[in-house]
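Asker: from the sequence below, what's the structure:
(2 chains)
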Amino acid sequence: MGPDMMKDWQALHEQWWNALTSGATHFAEKTGQAFTGKTSGFSDLFGGKLGEDVGAATERFLSGSKQFLEWVDRFSGQIAGRNAPPKSIQDWLDAVKAAAGPMFEGSNPLTNLFKSMASSDAKGFEHFFTGLSNPLEQMGGEMKSMLGLPAFGFTRERQVWAQGLGKAWMEYQESMSAYNALMLKASQDSFARLQQKLAERERSGNKLESLRAVYDLWVDAQEDAYAEIALSAEFRAAYGELVNRQMRVRKLVQDEIERVSTQFGMPTRSELNSVHQRMAEMRRQMRALEERLAASEAPLAAEVKAAAKPAKPAKVAVKPAKTVAAKPVKAQGKTAVKKTAAKKAAASSRRRLA
Amino acid sequence: MITPIQLNPEHVTKELGQFGERLAKGMQALKEVRDVHYGASEKEEIYREDKLRLYRFKSTNKVTQKVPLLIVYALVNRPYMVDLQDDRSIVKNLLAAGHDVYLIDWGYPDASDRFLTLDDYISGYIRRCVQAVSKRHGVPAINILGICQGGAFSICYASLYPETVKNLITMVTPVDFKTPDNMLSHWVQDMDIDLFVDTLGNVPADLMNWCYLTLKPFRLLQQKYVGLTDILDNKAELENFLRMEKWIFDSPDQAGDAFRQFLKDFYQGNKLLKGGLVIGDKPIDPKKVTMPVLNIFAEQDHLVPPSASKALEGHHRHQGLHRALVQGWPHRYLRLGRAQREVPPAIDAWLRKRG
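Answerer: Predicted structure coming up:
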């Protein structure tokens, strides 16, 4: 590798987008879309008209490709910006690390990954409160100092609720920070994993000759590092606390919504729960009664069946058992006949008893 | 020593050009195949209760197996995975082998189902479905194929009502919920499940799916879709992919109280393995699972690791237990490819031996 190779890399970094978008441009022209290449960034290709009427899978496909291509842009830029091509595993690692972007330096890289999920389906624990501003900010700094103060007066209950929400929110934020720190640790560990994987390939002489191969190996390294953290006792505790604290915040918010709903005469979740609980219990009781009824009728039906033994329908009822498995559709018909006959006999028997 | 990364700008330019071309073609292709259909076999509804539907698949082949087979699927995904498409259908292969196949579709629980318990599912819904199939065929006991969570339910059911189960097949079914490689289980151990369910009510499907995706976030949120460019020029492959995507994200919410007990007793308490599990007011006694059992699991399953399924062997010690290992397929893809070729014939052969 020498200066010529570096020029090639610099040219590649300048032109890779053109290479990539030649097909996309052709597609855009064919479909009457305006597509102006790198000057408009990824917006034409990924965020413009092309992405408006496609389904969730397409959105994810575009999102995945976009992230990969952004990485390609940064990665090729890292190599092109060097004085000399990478000559060692460490050189390549530096390029991969720098291309990973600032998200790997100071925050949870998964946040960015999660944000890339364009679909509204993407609602993890991290996303539940997206768009909901910090209640402490809403209440102003004054509230922070009031969290520990005793409440009193006409609005006492409201004060207690507000203090509880503020405290719960702060605890939730602390948990989120702890969770993010572990995610960051996983991403940082991924470079050590990548280094190991590259060293293994160096020893085995197994070369990576495409960007996709480098990217795939990096993904393997990230998954390995993530799995190790995710299976740690520290993560288990952090995850549990994050979920529990978020639920406490949600519960407090729900309580307030219920209070306001009640004031406006709206039905609340608790009231519906109460109704649904009663419904579930009634369904169970109804099934139990149905079964008791069926069980109490069974001896009578058997008696009727026995009484009707010499009659032909009873014979039909015995025989189909063998043919039922082989021809269930036909069997259903026969079963129906049998039921009807039995019902008629039972009704007749009841009339006799009456 | 030569570095393992040997990127040549010329080759990389070519690679990117090809990627761009596939990307452009792909977007066109994605627009053309937007509506994917699923379901290979015709079926008829034979029983319904609340949101549950019990289906019987219609077969064009002669039914040669006297004992019908009921498939009990998990609550967390839709059951049409067992009959996804013509060349990927466990059901179709079982029908072709002469079995009479039934399937429980749990439906999509809503707020009115929030108080359904595991007892409602196992001693209620499953039991009544088994009764409906048994009655229809005039047999006292039927074969049950329980898949994933449905397998765990089937084990409980077989323990409670052994006289109604002739043979039990468990497929990618967790029995030990606390194996060291079970990430999902690890994450829920410190969760306050009561607070979780009391707050959320039914557990949203989106949240469940999100948890599954975060088991392997880089692979499932990004790499998978980069890899999609490799199959975009193959319409059939693309449709397969989209069909799987639909299935993965077409998930029902989870009935709150059933979820509560499943998480507390199965995941946190590991009671299916350790003992002490009670469904309704009835204790689950594994010793009562006396019928022959076939345990099928996948080698590369990140949702239900093989060790979680193998635990059934310690659990179920009688001579009727058999094992089938499907190599190399992750959980949600067990019904595809190689698994498709191997699983239905294994089930068929095993059942035939037992009549």
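Asker: the bottom helix or strand of chain A by mean pLDDT?
Answerer: When the helices and strands of chain A are scored by mean pLDDT, DSSP states H and E, helix A:320-326 comes last with a mean of 32.
Asker: so B:Tyr38: helix, strand or coil?
Answerer: Following DSSP: H, G, I helix; E, B strand; the rest coil, the label given to B:Tyr38 is coil.
Asker: scratch that, A:Pro299
Answerer: helix.
Asker: report the contact partners of A:Pro150.
Answerer: For A:Pro150, the contact set (Cβ atoms under 8 Å, 6 or more residues apart in numbering or on different chains) is empty. (Glycine included, C-beta is placed from N, CA and C.)
Asker: look up phi and psi at it.
Answerer: The phi/psi pair for A:Pro150 (degrees, to the nearest 10) reads phi -70, psi 150.
Asker: and what of A:Arg82?
Answerer: Dihedral angles (degrees, to the nearest 10) for A:Arg82: phi -80, psi 160.
Asker: what's the answer for the one 10 residues further on, then?
Answerer: Main-chain dihedrals, A:Trp92, degrees, to the nearest 10: phi -70, psi -40.
Asker: quick check, pLDDT for it.
Answerer: Looking at A:Trp92, its pLDDT stands at 88.
Asker: can you check B:Gln223 too?
Answerer: Confidence score, pLDDT, at B:Gln223: 88.
Asker: hey, where'd the helices end up in the stretch 251-354 of chain A?
Answerer: A:269-307, A:312-318, A:320-326, A:328-353 (DSSP state H, counting those that start in this stretch).
Asker: hey, least reliable of these by pLDDT?
Answerer: helix A:320-326 (a mean of 32).
Asker: in chain B, which spans are strands?
Answerer: With DSSP state E as the criterion, chain B has strands at B:43-49, B:52-57, B:69-72, B:83-85, B:88-89, B:101-105, B:142-147, B:165-171, B:278-279, B:282-283, B:293-298, B:321-326.
Asker: and A:Lys158, what does it touch?
Answerer: No, residue A:158 isn't Lys; it's Arg. Contacts of A:Arg158 (Cβ under 8 Å, 6+ apart): none.
Asker: please repeat the previous calculation with a cut-off of 10 Å.
Answerer: The contact partners of A:Arg158, taken as Cβ atoms under 10 Å, 6 or more residues apart in numbering or on different chains, are A:151, A:256, A:259.
Asker: who does the closest residue in space to B:Leu69 that isn't next to it in sequence form a beta bridge with?
Answerer: Nearest in space to B:Leu69, with sequence neighbours left out and distances taken as Cβ to Cβ, 6 or more residues apart in numbering or on different chains, is B:Asn143 at 4.4 Å. Per DSSP bridges, the residues bridged to B:Asn143 are B:Leu69, B:Asn167.
Asker: wait, B:Asn143 touches B:His99, no?
Answerer: Yes: look at B:Asn143 against B:His99 with Cβ atoms under 10 Å: they come within range, at 8.2 Å.
Asker: spit out the residues that contact the two alike.
Answerer: With Cβ under 10 Å, 6+ apart, B:Asn143 and B:His99 have common neighbours B:65, B:67-69, B:347, B:351.
Asker: okay if I get these as CSV plus neighbour count and pLDDT?
Answerer: Output for those, formatted as CSV (neighbours: other Cβ atoms under 10 Å in any protein chain shown; pLDDT from 0 to 100):
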residue, neighbour count, pLDDT
B:Gln65, 19, 92
B:Val67, 19, 97
B:Pro68, 24, 97
B:Leu69, 25, 98
B:Ile347, 24, 93
B:Leu351, 23, 94
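Asker: name the nearest of those residues relative to A:Asn206.
Answerer: Nearest to A:Asn206, judged by Cβ to Cβ, of the shared contacts of B:Asn143 and B:His99 is B:Ile347 at 39.6 Å.
Asker: distance of that closest one relative to chain A?
Answerer: 17 Å (Cβ to the nearest Cβ, to the nearest Å).
Asker: next one: B:Leu238
Answerer: 10 Å.
Asker: any idea which of the strands of chain B scores lowest on pLDDT?
Answerer: When I compare the strands of chain B, strand B:321-326 is least confident, with a mean of 66.
Asker: and the contacts of A:Arg158, which is closest to A:Ala168?
Answerer: Looking across the contacts of A:Arg158 and measuring by Cβ to Cβ, the closest to A:Ala168 is A:Glu256, at 12.0 Å.
Asker: disregarding residues adjacent in the polypeptide, which is nearest to the closest one?
Answerer: A:Trp161 (6.6 Å).
Asker: gap between that neighbour and B:Pro252?
Answerer: 34 Å (Cβ to Cβ, to the nearest Å).
Asker: who has more neighbours out of these two?
Answerer: Ranked by neighbour count (other Cβ atoms under 10 Å in any protein chain shown), A:Trp161 and B:Pro252 place B:Pro252 first, with 21 against 16.
Asker: for B:Lys246, see how far away the closest residue to B:Leu232 other than its chain neighbours is.
Answerer: In space, and not counting its chain neighbours, B:Leu232 is closest to B:Gly26: 3.4 Å by Cβ to Cβ, 6+ apart. As judged by Cβ to Cβ, B:Gly26 and B:Lys246 stand 18 Å apart.
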